[in-house]
Structure formats: structure tokens, C-alpha cells
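Engineer: only geometry, no sequence info:
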């Protein structure tokens, strides 16, 4: 299952903070145009889709991501590589390194990773 952009924003907060209330997630979104009830509705939809779980044992319900960050990133990356770069990992890497300046530390990590392959 592929989360929508709004669902991804919520998942990012849940991955960072862990189990959280709707209020906490809503505050983390920093969206002035979206109301609390919109965030609540999105999280209820995500619950129905099986993306999050909800603990109702306390007064404040807590939500937790059921999709792992790594699996979700992997799925999105595969889709990008296949649809935008015609399956070419090389083009993706060259574009990513060409568009954003990587620090020396990041370049060293990339070199180390490549050497280990």
C-alpha cells in the first residue's frame, strides 16, 4: 500500500516521535490551513487502511505507525527508479549528487558503502 502525501507527513511524525496523540501529530504538521479534525479524519482513514494502530486504553488515544520507515522508503524509491529513471539506479544517484551538494562526510560514507558492495 502506498501512502498519500498527507499520510506520509503523518507517518514521518509517528516514525520520529513514536506513539502519539492526534493533537501531537497535528501540532507537528505545522499546517495552518488544515484543522485538527482534518488530521483526526486522516488518521482514522490510516487506521482503516492498516497503516497505523490505535491504543484506546487511556483517555487520550495513541496512534503508532504499522508501516516501517525502511519498507516505505524502499517502495517509494523503487517506484521512482522504475518510473522516473527507467530502472537506472546510476541516473538516480548521479541526479541526486548533482542537484544537492553532499558534505565530505556524506561522500566518504557513500564511498565506503560502494566499496562494501
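Structural biologist: Nice, I can see it. No experiment lies behind these values; they were computed from the predicted model shown.
Engineer: What is the burial count for residue 68?
Structural biologist: The number of residues packed near residue 68 is 11, by other CB atoms under 10 Å. (C-beta placed from N, C-alpha, C; glycine too.)
Engineer: where does it sit relative to residue 14, distance-wise?
Structural biologist: Note on residue 68: its distance to residue 14, by CB to CB, to the nearest Å, is 11 Å.
Engineer: What of residue 62?
Structural biologist: Distance from residue 62 to residue 14, counting by CB to CB: 10 Å.
Engineer: Quick check: neighbours shared by these two?
Structural biologist: Listed contacts common to residue 62 and residue 14 are residue 20; contacts here mean CB atoms under 8 Å, 6 or more residues apart in numbering.
Engineer: more crowded one of those two?
Structural biologist: Remark: of residue 62 and residue 14, residue 14 carries more neighbours, 23 against 17, as counted by other CB under 10 Å.
Engineer: Please identify the buried residues of the helix or strand harbouring the more buried one?
Structural biologist: Residue 14 belongs to helix 5-17 when assigned by DSSP states H and E. Across helix 5-17, burial judged by 16 or more other CB atoms under 10 Å covers 6-7, 9-14.
Engineer: What helices and strands are in contact with it?
Structural biologist: Judged by 3 or more CB pairs under 8 Å, 6 or more residues apart in numbering; DSSP states H and E, helix 5-17 is in contact with helix 22-29, helix 36-49, strand 52-55, strand 62-65, helix 69-84.
Engineer: which one of these is the most hemmed in?
Structural biologist: Neighbour counts (mean count of other CB atoms under 10 Å) averaged over each of the helices and strands packed on helix 5-17 peak at strand 62-65, with a mean of 19.
Engineer: Which strands or helices does the helix or strand bottoming out on mean pLDDT in the chain pack on?
Structural biologist: Of all helical and strand segments in the chain, the minimum by mean pLDDT, DSSP states H and E falls on helix 89-99, at a mean of 84. Packed against helix 89-99 by the contact rule (3+ CB pairs under 8 Å, 6+ apart) you find helix 69-84.
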